[in-house]
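In: Pasted the sequence and its predicted model underneath.
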Amino acid sequence: MYAFIIFVSVFFSFFQIKADEVNLFTTRHYESDIKLFDKFTNKSGIKVNIITGKSKPLEKRILEEGKDCNADLLFLADAGRLVSAEKKGLFQKTESNLLESSIPDQFRNKYWFGLTKRARILYYNPKFTSFDEIINLRYEDLANKKWSKNVAIRQSNNVYNQSLVSYLLEINGEKKTKEWLKGLVENFFRNPQGNDRSQILAVAAGEAKIAVANTYYYALMLSGKKGKEQQNAAKKVKPIFPNQDGRGTHMNISGAGILKYSPNKKNALKLLEFLISEEAQSHLSKNTYEYPMLKNVNVSKLVKKIGIDFKEDTTTNVSVYGTLQKDAFKLMKEAGWN
């Protein structure tokens, strides 16, 4: 009888441990995310076990381990990567009235949910380019001969660029996108290289007139966290949100989905729903300089300085970045985008 009681005690202790944890695979590498997960643990009593890495190795591990994989959630940057994981059958369908009512349709589907927003915008240096030249600029205008040898942008293998081209492919069709890519490549001030901050640095130095980069990289530079040199360079340039007189600026996301064989599905859903709370949304914006998914959330001063009242494209579903990414990349390479 005593042995039976010990067995039952151990049995329920094991499931109590399982019930009080959630296993997260994430490509995000922010120390502030860990602090946010600690907040979740303090509120819920659920421990968040975190494995970080790049998207492909994480996906490979999930696929290879199959039903034996103990991961519950996969958190990825860029809608294209979320769709890629979905196509591989990594996610399970998830229903949540809270997530569905809080997140606009264009930033979610049945398998994954956008948790933060990113704007891929343009930057110029007022010392070399006047505001009158840049006002009402569209993404489409980057192929204009006016900007010959003056556009700074990353390589074609960058997922943010692939999503941007996928977006334009959806909006403008293949013929116009091909023509645009041809003109854009001719306007590169150098063979694309470096990260987003490198493009902003080129404009700050007067080497190029327009840079293409995500807003949070610009905010990171302004914050001083990347050193005084980058901070001073960022102060020399100004952001411009494209297509403000039309459909609005291209938006992307970071987001997460519950994995197909999640052993802690209820806890995974609780974490997802926490991440869309006002507290979590404010934390994310203030620490990673992304745009919150929720409206009327307190954001960092730097995000406000860059701009929060711009017109977003609210009609294009970000899923197309994944469905068209292969076609977009092919067109980019054909145009000579290295």
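Out: That came through, no problem.

In: CA only for contacts and neighbour counts going forward, please
Out: Will do.

In: all strands of the stretch 151-300 of the chain, in order?
Out: All strands of the stretch 151-300 of the chain, identified by DSSP state E, counting those that start in this stretch, fall at 151-152, 210-214, 238-240, 251-258, 291-292.

In: could those strands go into JSON lines alongside mean pLDDT and distance to Ser55?
Out: Output for these, formatted as JSON lines (pLDDT from 0 to 100; distance: least, Cα to Cα, whole Å):
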{"stretch": "strand 151-152", "mean pLDDT": "98", "distance to Ser55": "26"}
{"stretch": "strand 210-214", "mean pLDDT": "98", "distance to Ser55": "19"}
{"stretch": "strand 238-240", "mean pLDDT": "98", "distance to Ser55": "29"}
{"stretch": "strand 251-258", "mean pLDDT": "98", "distance to Ser55": "12"}
{"stretch": "strand 291-292", "mean pLDDT": "98", "distance to Ser55": "22"}
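
In: Make CSV out of those strands and add distance to Lys117.
Out: As requested, the strands of the stretch 151-300 of the chain are exported to CSV (distance: least, Cα to Cα, whole Å):
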stretch, distance to Lys117
strand 151-152, 23
strand 210-214, 10
strand 238-240, 17
strand 251-258, 4
strand 291-292, 5
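
In: so where's the chain uncertain?
Out: In the predicted model, the chain carries pLDDT under 70 at residues 1-19.

In: Show me the domain layout of it.
Out: 2-117+253-299, 118-250+316-334 (automatic domain parsing).

In: Check the spacing between the closest residue to Ala211 other than its chain neighbours and Asp313 real quick.
Out: The shortest distance from Ala211 to any non-neighbouring residue, by Cα to Cα, 6 or more residues apart in numbering, is to Ala152 (4.6 Å). Separation of Ala152 from Asp313 (Cα to Cα, to the nearest Å): 23 Å.

In: which one's the longest helix in the protein?
Out: When the chain is parsed with DSSP state H, its longest helix is helix 159-186.

In: Mind giving me the packing neighbours of that one?
Out: helix 79-87, helix 320-323, helix 325-334 (3 or more Cα pairs under 8 Å, 6 or more residues apart in numbering; DSSP states H and E).

In: Tell me which stretches of the stretch 1-150 of the chain form helices.
Out: According to DSSP state H, counting those that start in this stretch, the stretch 1-150 of the chain carries its helices in the segments 2-19, 31-44, 55-65, 79-87, 97-102, 131-134.

In: For the closest residue to Met221 other than its chain neighbours, the count of nearby residues, please.
Out: Closest residue to Met221 apart from its sequence neighbours, by Cα to Cα, 6+ apart: Gln231 at 4.9 Å. A count of neighbours around Gln231, defined by other Cα atoms under 10 Å, yields 19.
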